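> What follows is a predicted protein model with its sequence.
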Amino acid sequence: MIRFDGVSKVYRTGNRPALHDATLEVKPGEFVFLVGASGSGKSSFLRLILREERASSGSIHVLGQDLARLSNRKVPFYRRNLGVVFQDFRLLPTKTVFDNVAFALRVLGKSEAFIHDAVPEVLGLVGLGNKENRLPHELSGGEQQRVAIARAVVNKPAILLADEPTGNLDPNTSKGIMDVLTNINAAGTTVLMATHDSAIVNKFHKRVIELTDGRIIRDEAVGRYNNAEGHNRTADLTPLRADSQPIAVQPLDFDPIPDFDPMAPTSEAIDLSYLDRSTNEEPL
Amino acid sequence: MSWRFVLIEAWNGLRRNVSMVVSVVLVTLVSLTFVGSAVLLQAQVQSMKSFWYDKAQVAVYLCTQYSTLGTCDQQEASADQIAAVEAQLGSDTLTPYIDKFYFENHEQAYEVFVEQFAGSAVVDLVTPDLLPQTFWVNLTDPTQSAIIFEAVGGMSGVESVVDQRSYLDGIFAMLNAASLTAVGVAALMLVAAALLIATTIRLSAFSRRRELAIMRLVGASNWFIQTPFILEGVVAATIGSLLACVAIAGILIFFVGGYLADALPTTAFIEMGDAWIVFPILLGLGAILASVSAYIAISRYLRV
């Protein structure tokens, strides 16, 4: 379903690869956690699958398509097979819950009759059946993320990509989101979820792929992620010397500011929103 | 169904961007009015050329007793000299080039003069003997007046040979310069219109960037994403083009038809009939200009 063969990605501005020689395969119906610190390459991984970026080397096959050979014109049609959820929800603030979900179908030219069947159904699936006419700012963060999930799966994609879907949410709300994702997975959709929330990873006993500095350092069928103990915090410091090997460091007995590395030459903006988990503001 | 969505999106874009849309409308209006005026002025010059050039004659002025020009030496052209010129004009060599020619004596010239300058004080000062006797020549091809100059210009008793077309050329050169100026201004304004449309579309895309991001994410086709923006540009430009058509019609009816036609009753001016050819040109030009610049703008915006 998703196959990476020796995939590397180097951004033009970056001085180290965002992804280095990654090889893996995800089978249909799998639920995969993609873990690692910020800047470890999780987002690049997802962007490559979405074909927002092209691999610098190696080949990526998704749903039988060689993404390197996919022309720009065909990318939209390819993306109809993928659903995407982000940490910041990305809902349209002026549209109701119903219209936010319907938007994904309207822009694909679906008929209103189809939309009026499909949208309530998917809103029921994510547990928002009674909130069709609310505006995003009237909803809690968890509810907003459910709307985003509904929008991502309303077109019944084969693969759901979730980039830190619980990153802005408290543990209880996160659990609700995970239940929704699990249900979607149980219905046959392949789910690929990037996260650094070890509590969730360890609770769900799913396949775990861990990235550090753009390298896959672990791929276990039923994996755990020990982020909270601080074992992997050193990974954030190694980019200072790009060619150095990760140094084994004793677990810290305090919790450092997670994922904050002002020196890391990441291609993505440093995201501090998790420091304040109570806000549900739209970051755009 | 999807067309409905595209149209709604285009309408929302226009509504959210009113001030920019108004400026696009105005710039298109002005630039296309200049384009239309240039085209019509050209048409006017052409119709006046064919009208006047057909009427233009070559005049062979004969000597008067007061003239010192040409071969004259203050001697009235004699009957022999007049006959010689007439024979030359009627000769086989010149016949193919000459449509017809006729002789005008002092009295006839005086009558024409009095008629032309009726009411002017100069009529009282002129006597028939001051006005030269003349052979008026209509050429088959009005551009070949040089042949007449050559054939009779040096004959004795001929004061001068004048092609009336040379009087007209100055007027037409001026009108041509005016129409070229209009074309130049139109070109500059069209460039401004294209850039303004591009900027408007870019702004419109920016104000809808969230929607665009989601459309790209869920796999809306490029056609679907771009069409509302192109429509937005085309609608704004078309309003401008329509107003330009109204402006052209107004100029024709009130300025040309109302003022110029009264001031210069002998001149045939362009009418609304000619303008119906110009309107489709303006509408088409506006639509093409808008769709091309909007397409380029939105494509550049959407390129990652």
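Looks like it arrived, so ask away.
> C-alpha from now on. contacts and neighbour counts both.
Will do.
> residue in chain B nearest to chain A?
Nearest residue of chain B to chain A (Cα to the nearest Cα) works out as B:Gly219 at 3.9 Å.
> what about the closest residue to B:Val152 other than its chain neighbours, how many neighbours?
Spatial nearest neighbour of B:Val152, excluding adjacent residues (Cα to Cα, 6 or more residues apart in numbering or on different chains): B:Val85 at 6.7 Å. For B:Val85, the neighbour count with other Cα atoms under 10 Å in any protein chain shown is 22.
> repeat for A:Lys156
Using other Cα under 10 Å, A:Lys156 has 19 other residues around it.
> for it, helix, strand, or coil?
coil (DSSP: H, G, I helix; E, B strand; the rest coil).
> Now it: phi and psi?
Per-residue torsions, A:Lys156: phi 50, psi 60 (degrees, to the nearest 10).
> same thing with A:Leu139?
When read as degrees, to the nearest 10, the backbone of A:Leu139 gives phi -110, psi 160.
> From A:Arg146, how far out is it?
From A:Leu139 over to A:Arg146 the distance is 10 Å, taken as Cα to Cα, to the nearest Å.
> Excluding chain neighbours, what is closest to the residue of chain B closest to chain A?
Nearest to B:Gly219 is A:Pro76, by Cα to Cα, 6+ apart, at 3.9 Å.
> swap in A:Val26?
Nearest to A:Val26 is A:Ile2, by Cα to Cα, 6+ apart, at 5.0 Å.
> what's the distance between that neighbour and A:Leu63?
Remark: distance between A:Ile2 and A:Leu63 (Cα to Cα) = 7 Å.
> try A:Pro17
Distance from A:Pro17 to A:Leu63, counting by Cα to Cα: 25 Å.
> Please put the alpha-carbon coordinates of stretch B:50-61 into CSV.
In CSV, the C-alpha atoms belonging to stretch B:50-61 read as follows (Å, rounded to 0.1, in the frame of the first residue of the first chain):
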residue,chain,number,x,y,z
SER,B,50,-11.3,57.3,-50.2
PHE,B,51,-13.9,60.1,-50.2
TRP,B,52,-11.5,63.0,-50.8
TYR,B,53,-8.9,61.3,-52.9
ASP,B,54,-11.6,60.4,-55.4
LYS,B,55,-12.6,64.1,-55.6
ALA,B,56,-9.0,65.3,-55.8
GLN,B,57,-8.0,66.6,-59.2
VAL,B,58,-4.8,67.8,-60.8
ALA,B,59,-5.0,71.4,-61.7
VAL,B,60,-3.0,72.7,-64.7
TYR,B,61,-2.9,76.5,-64.2
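> For that stretch, give me every contacting residue.
Contacts of stretch B:50-61 with the rest of the structure, by Cα atoms under 8 Å, 6 or more residues apart in numbering or on different chains, involve B:132-139, B:142, B:145, B:148, B:152-153, B:158-165, B:168.
> ok, now stretch B:201-217?
With contact meaning Cα under 8 Å, 6+ apart, stretch B:201-217 is reached by A:76, A:79, A:84, A:90, A:92, A:104, A:107, B:13, B:16-17, B:225, B:229, B:232-233, B:294, B:297-298, B:301.
> show me where the chain has strands.
Looking at chain A here, since you left the chain open. With DSSP state E, the ranges of strands along chain A come out as A:2-9, A:19-26, A:31-35, A:57-62, A:65-66, A:82-86, A:159-163, A:190-195, A:207-212, A:215-220.
> ah, no, chain B please
Per DSSP E, chain B carries strands over the ranges B:58-62, B:98-104, B:134-139, B:158-163.
> Against A:Val62, how distant is A:Pro28?
The gap separating A:Pro28 from A:Val62 is 11 Å, by Cα to Cα.
> List the contacts of the residue of chain B closest to chain A.
Contacts for B:Gly219 (Cα under 8 Å, 6+ apart) come out as A:75-80, A:108.
> at 6 Å what do you get?
Contacts for B:Gly219 were tallied using Cα atoms under 6 Å, 6 or more residues apart in numbering or on different chains; they are A:76-77, A:79-80.
> Mind checking which of these land in helices?
A:76-77, A:79 (DSSP state H).
> quick revisit: neighbour-wise, which of A:Pro17 and A:Leu63 wins?
It is A:Pro17, of A:Pro17 and A:Leu63, that has more neighbours when counted by other Cα under 10 Å, with 20 against 15.
> Just give me the neighbour total for B:Val30.
21.
> again with B:Val114
Per other Cα under 10 Å, the neighbour tally for B:Val114 reads 16.
> Could you check the pLDDT of the residue lying closest to it once chain neighbours are set aside?
Sequence neighbours aside, B:Val123 is the residue nearest to B:Val114 in space, at 6.0 Å (criterion: Cα to Cα, 6+ apart). Looking at B:Val123, its pLDDT is 81.
> Equivalent analysis for B:Thr140, please.
pLDDT, B:Thr140: 84.
> which ones are touching the nearest residue to it once chain neighbours are set aside?
Nearest residue to B:Thr140 in three dimensions, chain neighbours excluded: B:Asp99, at 4.8 Å (Cα to Cα, 6+ apart). When contacts are counted by Cα under 6 Å, 6+ apart, B:Asp99 touches B:138-140.
> again, only this time at 8 Å
B:Asp99 makes contacts with B:137-140, as judged by Cα under 8 Å, 6+ apart.
> Please report how far it lies from B:Met48.
21 Å.
> How many residues are close by B:Tyr102?
The number of residues packed near B:Tyr102 is 11, by other Cα under 10 Å.
> Now that it has come up, it's in contact with B:Phe135, right?
Yes: look at B:Tyr102 against B:Phe135 with Cα atoms under 8 Å: they come within range, at 5.6 Å.
> so where's the chain uncertain?
Went with chain A since none was named. Scanning chain A for pLDDT under 70 picks out the ranges A:227-284.
> wrong chain, I was asking about chain B
Applying pLDDT under 70 to chain B flags the ranges B:1, B:303-304.
> Could you give the bridge partners of the residue nearest to A:Val26?
A:Val26, A:Val62 (DSSP bridges).
> thought it was touching A:Gln65?
No: checked against Cα under 8 Å, the pair A:Ile2 and A:Gln65 is beyond contact range at 9.4 Å.
> So which of the two has more stuff around it?
A:Ile2 (17 against 14).
> which residues in the chain form helices?
This is for chain A. Using DSSP H, helices in chain A cover A:42-50, A:75-79, A:97-106, A:112-125, A:141-153, A:171-186, A:198-204.
> was after chain B, sorry
Assigned by DSSP H, the helices in chain B fall at B:2-16, B:18-55, B:79-90, B:106-116, B:122-125, B:146-152, B:165-207, B:209-218, B:222-250, B:261-263, B:272-302.
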